[in-house]
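S.K.: Prediction below, plus the sequence it came from.
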Amino acid sequence: MRKMLTIISNVLRGSASRNGAELVSEGARVVVSARTYADFTPQATFDIKKCDLHKLEEGPPLQAVLTREEGLQYYRTMQTIRRMELKADQLYKQKIIRGFCHLYDGQEACAVGIETGINLSDHLITAYRAHGYTLTRGGTVREIMAELTGRRGGIAKGKGGSMHMYTKHFYGGNGIVGAQVPLGAGVALACKYLGNNEICVCLYGDGAANQGQIFETYNMASLWKLPCIFICENNKYGMGTSVERAAASTDYYKRGDFIPGLRLDGMDVLCVREATKFAAEHCRSGKGPILMELQTYRYHGHSMSDPGVSYRTREEIQEVRSKSDPISMLKDRMLSNNMASVEELKEIDVEVRKEIEDAAQFATTDPEPPLDDLCNHIFYNDPPMEVRGTNPWTKLKSVS
Amino acid sequence: MNTLLIVLLIIMEISQIHFLYVTVRDALNQALDEELERDERVFLLGEEVAQYDGAYKVSRGLWKKYGDKRIIDTPITEMGFAGIAVGAAMAGLRPICEFMTFNFSMQAIDQVINSAAKTYYMSAGLQPVPIVFRGPNGASAGVAAQHSQCFAAWYGHCPGLKVVSPWSAEDAKGLLKSAIRDDNPVVFLENELMYGVPFEMSEEAQSKDFLLPIGKAKIERQGNHVTLVSHSRMVSLCLDAAAVLAKEGIECEVINMRTIRPLDAEAIETSVMKTNHLITVEGGWPQFGVGAEILARIMEGPAFNFLDAPAVRVTGVDIPMPYAKILEDNSIPQIKDIIFSVKKTLNV
């Protein structure tokens, strides 16, 4: 019986298309479930694009090894970010999420690739397009979504919202463009001061890249050799302004001047991973800061109040989706190298969808924060105090 | 006469009364030194704090003792280094960020308010920021408009910050040590003209563990007729005015606020309920200032019913600070202005 199943499976596998055609027959499904994981390629080596280098003799390797486990994990995480952001889009349109909501779909390879190049014990800080990083840095979809809907189960108990989510060694989520960059260098200073061999990844966008405080930070980080990886996520538009209209020099990887830099394809998770590993090694070896420019793209507008098509064409967005989507790129690589099956990836999709649905369910049913939490968390480690309410007769309680 | 003096000195020696006169500058220096020694995570950064010994010599000797790691000279980039200091605090260190004067803190004010003050709240308690921002605040002498502004009201406006404004050497030492040990962002407003002023430093204040609580005012002089509330250098003027008024039989109660935020409204109310008259004295501008807040609180609180006359403010003149000495002198409260206001309030 077993031998017959194997023969049938080989025949059916041989006739299946490599690029994800569905095996719809009942028989095929039975066969697939008898397939062992030993049938898959455990790992494969992929050529990745060469990085543009600035003040560097050599760059990251031109090949990346991907194991099956890694591939499935990257796929799952990127898909989770993608689905989570799309769900947030839905909830925003239903007015269940309010205020600012800056979505990350399209840029998943950056967050996932960076995280695989560092350790959880390292540090990371970014700007307001932060949901993906909150996840890769240890947050759960549930607590991220509940924060977006402003509920007590949110990662910041509903007090921060989209732009102010924190986890261990993840310093947000920052609303003021560029302000996170000196903060990140400060975290790196602490790493060097404490001698713990940790580094800080400090992200900013192409819009922020022109901020003066970033250049102040480049200067000090370089002077003091801080273990800081500056990463510019260049998604080609700072809100509604294209890079050509905002920057006299769009070679963001060179803008650090005396800081060595790399420019790479931010849609390829393996490229991002290898470059991050390279950069982390540079920092950990005491050479000081390094700069990476990730060329990436956001499918949504700047935020939910921006349709994103007044300053770019739908054709451009569609072209990126069809030719450079980070999740499709990984999926194609894995399938064409027999590292996973279409069904397996679909199963992951189903699991991810379920996780997002459950999280959305939680995020829409969890109660809002209690009113007596209003004035808490002003000061840390302080005795309880009184806070003036909206009128002189109202005194509210505040605890640490 | 001489024998009397000798007898006095012998009695003092025997009873171990040691009067030590310490300038505000030296008191601050002691506080920094002691806290740097006590906790390895404490470090100082700012312009000229290390090799220059401090623009106003407040950090004299510290770089020599603690070295480059703990005392860091920064380039002239306030927004950058204030942000770096805040980031270091988020990651577990205890930075003291010096602004050469608080006028320059305006370049970095976003980091003080949005990155430091608000973060513990925005993160619902996940991310504390144990940082001290310190430096000279307010008018100096002849430094003109861009270098003379008082920021007590600006920083005092913001929840999430503690704002301290010491007057004496003991204030400076005890409050700075408390500020450094506080796990929250503290804005510590010094005064350049006070740096060189010597004050008696009690035995208790000479101890390495001498702390003064943030948020508690001090009655510097008891009185029954009028309450004068002030902070920083203006406390000196209030005491001088009180001495002059005492000769005319008017006894002023002088309150040294010590802390701007949280404001010790209770101390002021208790005093006003005794004296029935209130005058606030500050160097800063009148509109939306420290005095304005105190008066509003008195209106809203139990002390209102005890006022026999409207509470008033003595403040800096509502103009940018001029340079010429005669103009500058007339831009900030003088002793005669306080005396005049007391007599008007008491209707004498």
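M.R.: Looks like it arrived, so ask away.

S.K.: ok, which stretches of the chain are strands?
M.R.: Answering for chain A, as no chain was given. A:43-47, A:52-54, A:63-67, A:123-125, A:200-205, A:228-234, A:237-238, A:241-242, A:261-265, A:290-295, A:385-388, A:395-398 (DSSP state E).

S.K.: Hmm, no, I was thinking of chain B.
M.R.: B:20-23, B:42-46, B:71-73, B:94-98, B:132-136, B:162-164, B:186-190, B:198-201, B:218-221, B:226-230, B:252-256, B:259-261, B:278-281, B:312-314.

S.K.: Reformat the strands of chain A into TSV and put mean pLDDT, distance to A:Asp358 and mean neighbour count next to each item.
M.R.: Yep, even glycine has a C-beta here, placed from its N, CA and C like the rest. Putting the strands of chain A into TSV (pLDDT from 0 to 100; distance: least, Cβ to Cβ, whole Å; neighbours: other Cβ atoms under 10 Å in any protein chain shown) gives the following:
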stretch	mean pLDDT	distance to A:Asp358	mean neighbour count
strand A:43-47	96	32	13
strand A:52-54	98	43	18
strand A:63-67	97	29	15
strand A:123-125	98	26	29
strand A:200-205	98	29	28
strand A:228-234	98	29	28
strand A:237-238	97	33	21
strand A:241-242	97	38	14
strand A:261-265	98	34	24
strand A:290-295	98	31	27
strand A:385-388	96	36	14
strand A:395-398	97	34	14
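
S.K.: what about the ones you listed, which gets the closest to B:Lys64?
M.R.: Taking Cβ to Cβ, strand A:228-234 is the member of the strands of chain A nearest to B:Lys64, at 28.9 Å.

S.K.: So what are the sheet partners of the closest one and their directions?
M.R.: Strand A:228-234 has the following sheet partners, assigned by DSSP bridges: strand A:200-205 (parallel), strand A:290-295 (parallel).

S.K.: Which among those is found nearest to B:Asp73?
M.R.: For B:Asp73, the closest of the strands paired with strand A:228-234 is strand A:200-205, at 21.9 Å, according to Cβ to Cβ.

S.K.: picking that back up, how about the strands of chain A, which one is nearest B:Leu176?
M.R.: strand A:385-388 (21.8 Å).

S.K.: out of the strands of chain B, deepest packed?
M.R.: strand B:226-230 (a mean of 29; mean count of other Cβ atoms under 10 Å in any protein chain shown).

S.K.: Touching that one from outside, list them.
M.R.: B:217, B:237-238, B:241-242, B:250, B:252-257, B:268, B:271-272, B:274-275, B:277-282, B:291, B:294, B:338, B:342, B:345-346 (Cβ atoms under 8 Å, 6 or more residues apart in numbering or on different chains).

S.K.: on that earlier part again, got the strands of chain A as a markdown table, with distance to B:Ala116 columns?
M.R.: Listed next are the strands of chain A as a markdown table, based on distance: least, Cβ to Cβ, whole Å:
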| stretch | distance to B:Ala116 |
| --- | --- |
| strand A:43-47 | 44 |
| strand A:52-54 | 33 |
| strand A:63-67 | 40 |
| strand A:123-125 | 14 |
| strand A:200-205 | 18 |
| strand A:228-234 | 20 |
| strand A:237-238 | 26 |
| strand A:241-242 | 30 |
| strand A:261-265 | 30 |
| strand A:290-295 | 26 |
| strand A:385-388 | 19 |
| strand A:395-398 | 18 |
